[in-house]
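[1] Show me how the following folds:
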Amino acid sequence: MNRISPLPRDEWDDETIAAFSPREGRLPPPNNALDLLARHPLLAKSFMRYNAYVLNRSALPVVVRELAILRVAWRRRCRYEWAHHVKMAREAGVTDAQIEQVRAGGPTLLNRVVDELDERSRLSDETYREIAAELGDDRALMDLVFTVGTYALLSMVFTTFDLPLDEGTADEGFDGALGAGS
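    Okay, the predicted model is just below:
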């Protein structure tokens, strides 16, 4: 049972539609995350603009972004975020072996970055030096920290409000984990 349920599209008023309509005037396809945000149009409009940057204009390579988001989702036990981003990661070229490294907490630099940020809100000097050298760009490094923080926030939202998986979305190996949809 949802604590705050997604708002059905047939209940969206003009303010809500405007919050989600880009310049071309088309609404995004229905999904529970957007339909939950529709309950608060002003917040949705502000957040959607910011999140569009994180997803579409960030200096991070797409594979790095998706692996970081998956690690956040796994650590935070956010079934909704995990299911959506496994699909997106695969579309970006992430392999099942890389996804398993995220799930298993394998000794990758990116797992260590996400784990340190999630546990301490800070990177150790050693991890900072390594990821800065790997990314080679201050903007990408900032985008990585913002991406981890954004998806930690979203995992809180999705699990707090018990957001169910969208109809037809595969669970993607989240058996036994806590969080939304469990």
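[2] dump the residue contacts of the residue nearest the centre of the chain.
    Nearest to the mean C-alpha position of the chain, counting by Cα atoms, centre = their mean, stands residue 151 at 4.2 Å. Taking Cβ atoms under 8 Å, 6 or more residues apart in numbering, we find residue 151 in contact with 68, 69, 72, 73, 81. In this view, the C-beta of every residue, glycine as well, is placed from N, C-alpha and C.
[3] Please repeat the previous calculation with a cut-off of 10 Å.
    51, 54, 65, 68-73, 76, 78, 81, 85, 114, 158 (Cβ atoms under 10 Å, 6 or more residues apart in numbering).
[4] Compute the distance between it and residue 7, please.
    22 Å (Cβ to Cβ, to the nearest Å).
[5] Could you do residue 116 as well?
    On the measure of Cβ to Cβ, residue 116 and residue 7 end up 37 Å apart.
[6] Counting by contacts, list what the helix-or-strand element of the chain with minimal mean pLDDT packs against.
    Within the chain, no helix or strand scores below helix 14-20, which has a mean of 90 by mean pLDDT, DSSP states H and E. Helix 14-20 sits against helix 32-37, helix 41-56, with contacts defined as 3 or more Cβ pairs under 10 Å, 6 or more residues apart in numbering; DSSP states H and E.
[7] and the ones you listed as JSON lines, adding mean pLDDT and distance to residue 164?
    Output for the helices and strands packed on helix 14-20, formatted as JSON lines (pLDDT from 0 to 100; distance: least, Cβ to Cβ, whole Å):
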{"stretch": "helix 32-37", "mean pLDDT": "96", "distance to residue 164": "6"}
{"stretch": "helix 41-56", "mean pLDDT": "94", "distance to residue 164": "19"}
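[8] Low-confidence stretches in this protein?
    1-2, 22-25, 175-182 (pLDDT under 70).
[9] Got the domain ranges for it?
    Listed by automatic domain parsing, the domain ranges of the chain are 9-56, 62-160.
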